[in-house]
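> After the sequence you'll find the predicted model.
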Protein chains: 2
Amino acid sequence: MPTPPRTSRQDIVAAARRILESDGLEQLTMQRVATEVGVRAPSLYKHVRDRGDLIRLVGNDTALELADRLDDATAGILEPGLAITALARAHRAFTQSHPQSYRLLFADLPAGWRIDADANARAADALFWAVEGLVGQDHALEAARTVVAWAHGFATMELAGAFRLGGDVDSAFDFGVATLTAAIADRHTTA
Amino acid sequence: MPTPPRTSRQDIVAAARRILESDGLEQLTMQRVATEVGVRAPSLYKHVRDRGDLIRLVGNDTALELADRLDDATAGILEPGLAITALARAHRAFTQSHPQSYRLLFADLPAGWRIDADANARAADALFWAVEGLVGQDHALEAARTVVAWAHGFATMELAGAFRLGGDVDSAFDFGVATLTAAIADRHTTA
DNA sequence: ACCTGAACACCGTTCAAGT
DNA sequence: ACCTGAACACCGTTCAAGT
């Protein structure tokens, strides 16, 4: 006898995202999610394969939302240097407002739990045209990787509380953006 | 009636490091560690406070070993630019040979599980004199943070398999080191 | 002083039984 | 077609009892 579903995959992923962000990955248990959406834990297995699958779905959603924020940030900005700065700021803002979800994007999840390549690629796209405008096609990939690595490293260190030697973290961020964009632009001229 | 200890804190931490590196953090269970050192799980609590404490001790050891590798790398190098390059290479080599342990250094562990500040500071020390030599005291902290953020970000993205768009990752690394050292040296001249 | 088995409160996951 | 309770194999941790 068919019965109407009492929850949905969307509901479940949304609940998982809330729990992750408020209480961390360890608290993201099937039981917590089930309670949140109003069913019992075993029912979740009708909608997601297992906990790893759920975590993967949360990661995909997060990657797509980050991509949206990055796209928003560069809307209407034509000058590559300004675009890179805007992207870096938007990236940092996202990591600060979604620390737990952001971490998830670079966690070493077991095979099969990995974030879809597509979702991650979209987040990278916004950066590429900006960097390419600054450095030229020859070194676009290397340059983009340098900027992304810096932005990601800065964000995770900040989230982990790794900047402990005093000084102003905001000014270190500004210094970093300015140094990198200048250096990459310079590569264009000298290459 | 006193009985001689059948294991030690050192043994336990060493076993934990082996398990972490070979099977990942999730497999680093009290039961696995106990089996490895030849006792039952409850006995471990005579030597470490709880699993979090054990993880913290593993992280401390890792940070100190990384610091040693960085010190080794710069032994005898006097030119700041070469020192930064050597540090970056040694850092990357360490992350590749100890991927799981390295990750741990920047995980968001619950309060009380955190790596000792001292252990992390020693790893940072080696970099500071090199950067300071290149950029001068004024911007030493910001510049060091820029280099560390890039190196850390590059490493974690590489470990997470985030460089998926083809191209040569090694050449992106070389590009990054060259760009950053040049940019920071330039800051000195123009500041 | 250290180690142990038993116990407790949790997990994720499976599955037969309900509607 | 979906949901459920019961069950299983795991966790971390505590504690009284052994030596």
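The structure has been received and is ready for your questions.
> Please make it C-alpha for all contacts and neighbour counts, starting now.
Will do.
> A:D125 - how many residues pack around it?
As a burial measure, A:D125 scores 13 neighbours (other C-alpha atoms under 10 Å in any protein chain shown).
> ignore the last one, A:P80
Neighbours of A:P80 (other C-alpha under 10 Å): 20.
> Which of the three states applies to the closest residue in space to it that isn't next to it in sequence?
In space, and not counting its chain neighbours, A:P80 is closest to A:A130: 4.7 Å by C-alpha to C-alpha, 6 or more residues apart in numbering or on different chains. Following DSSP: H, G, I helix; E, B strand; the rest coil, A:A130 is assigned to helix.
> for A:I12, same thing?
On the three-state scheme (three-state DSSP), A:I12 is labelled helix.
> and it, what does it touch?
By C-alpha atoms under 8 Å, 6 or more residues apart in numbering or on different chains, A:I12 lies in contact with A:33-34, A:37, A:44.
> Now name the helix or strand holding A:Q100.
Here A:Q100, judged by DSSP states H and E, is contained in helix A:99-104.
> Please write out the alpha-carbon positions of that helix in CSV.
C-alpha atoms of helix A:99-104 as CSV (Å, rounded to 0.1, in the frame of the first residue of the first chain):
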residue,chain,number,x,y,z
PRO,A,99,33.2,27.7,8.3
GLN,A,100,32.1,24.1,8.8
SER,A,101,30.7,23.7,5.3
TYR,A,102,33.7,25.3,3.7
ARG,A,103,36.1,22.9,5.5
LEU,A,104,34.1,20.0,4.1
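> Could you list every helix and strand in contact with it?
When contacts are defined as 3 or more C-alpha pairs under 8 Å, 6 or more residues apart in numbering or on different chains; DSSP states H and E, helix A:99-104 packs onto helix A:9-23, helix A:51-74.
> sorry, back to before: local confidence estimate at the residue nearest to A:P80?
pLDDT recorded at A:A130 is 88.
> again with A:V48
Confidence at A:V48, expressed as pLDDT, is 98.
> And the one 4 residues further on, by the same measure?
Model confidence at A:G52, expressed as pLDDT, equals 96.
> try A:R187
Looking at A:R187, its pLDDT reads 79.
> so where does it fall, helix or strand?
Here A:R187 sits within helix A:169-190, counting by DSSP H and E.
> For that helix, list every residue counted as buried.
A:169, A:172-177, A:179-188 (16 or more other C-alpha atoms under 10 Å in any protein chain shown).
> and if you look at stretch A:138-152?
Going by neighbour count (16+ other C-alpha under 10 Å), the buried part of stretch A:138-152 is A:139-152.
> what about it and chain B, any contact?
Yes - when contact is scored as C-alpha under 8 Å from any C-alpha of the partner chain, part of stretch A:138-152 falls within range of chain B: A:141-143, A:145-152.
> other SSEs contacting the worst-scoring helix or strand of chain A on mean pLDDT?
Within chain A, no helix or strand scores below helix A:117-135, which has a mean of 84 by mean pLDDT, DSSP states H and E. Taking 3+ C-alpha pairs under 8 Å, 6+ apart as contact, the helices and strands that helix A:117-135 lies on are helix A:51-74, helix A:80-97, helix A:140-159, helix A:169-190.
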